[in-house]
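*Asks:* my questions are about this predicted structure, shown below with the sequence.
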Amino acid sequence: MQCPKCNTKDTRVIDSRIAKSGLAIRRRRQCAECDHRFTTTEEIVREDLFVIKSDGRREEFDRSKIVNGIRRACEKRPIEHDQIEIIVSDILVAIENEFDSELPTRVIGEHVMNRLKKIDKIAYVRFASVYKDFHDLEDLSREISELKMESDV
Ligand SMILES: [Zn+2]
């Protein structure tokens, strides 16, 4: 994003807020050169988005499915609803750049797990247990010991 004042391309996001109940995101940005602050909005305009399931089936993209999946994983965890919306928006921007209009559910799931891992380990394990389809306690404890090793680094 280019600074409207000095035109440098080096700007950073200092705050993100949900607008229009999840259909838009307002971001407060600051220029790294001149410190000028400005606001941008991102809106969802795509209506031709699809997901590609692991068995190859193609389904119409449904944002609320991702939001609900994350919300279930975050139940009773200190994660606000807005935070979840922002995670989903960030992920969509990232994978739409890469995959255009057909988003593999595998990639969406991996992005969600990466984000949750950084903000809440419990929510991460819950999400991973559904997403990775843990079959028994051993799968679960393997995931948890991997998490422990990573956080020891
Ligand atoms: Zn500037």
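*Replies:* Ah, there it is.

*Asks:* tell me the buried residues in stretch 33-52?
*Replies:* 42, 44, 49, 51-52 (16 or more other Cβ atoms under 10 Å). Yep, even glycine has a C-beta here, placed from its N, CA and C like the rest.

*Asks:* now, which of the residues you listed sits nearest the ion?
*Replies:* The closest of those to the ion turns out to be residue 42 (Cβ to the ion; 20.1 Å).

*Asks:* quick revisit: sort out for me which of the buried residues of stretch 33-52 are in helices.
*Replies:* Secondary structure assignment (DSSP state H) places none of the buried residues of stretch 33-52 within helices.

*Asks:* secondary structure element for the residue nearest the centre of the chain?
*Replies:* Within the chain, one residue has its C-alpha closest to the average C-alpha position: by Cα atoms, centre = their mean, that is residue 87, at 3.2 Å. For residue 87, the element it lies in under DSSP states H and E is helix 81-99.

*Asks:* what's in contact with that helix?
*Replies:* Counting by Cβ atoms under 8 Å, 6 or more residues apart in numbering, the neighbours of helix 81-99 from elsewhere in the structure are 16-18, 22, 25, 42, 44, 46, 49, 63, 66-67, 70-71, 74, 103, 107-108, 111-112, 115-116, 119.
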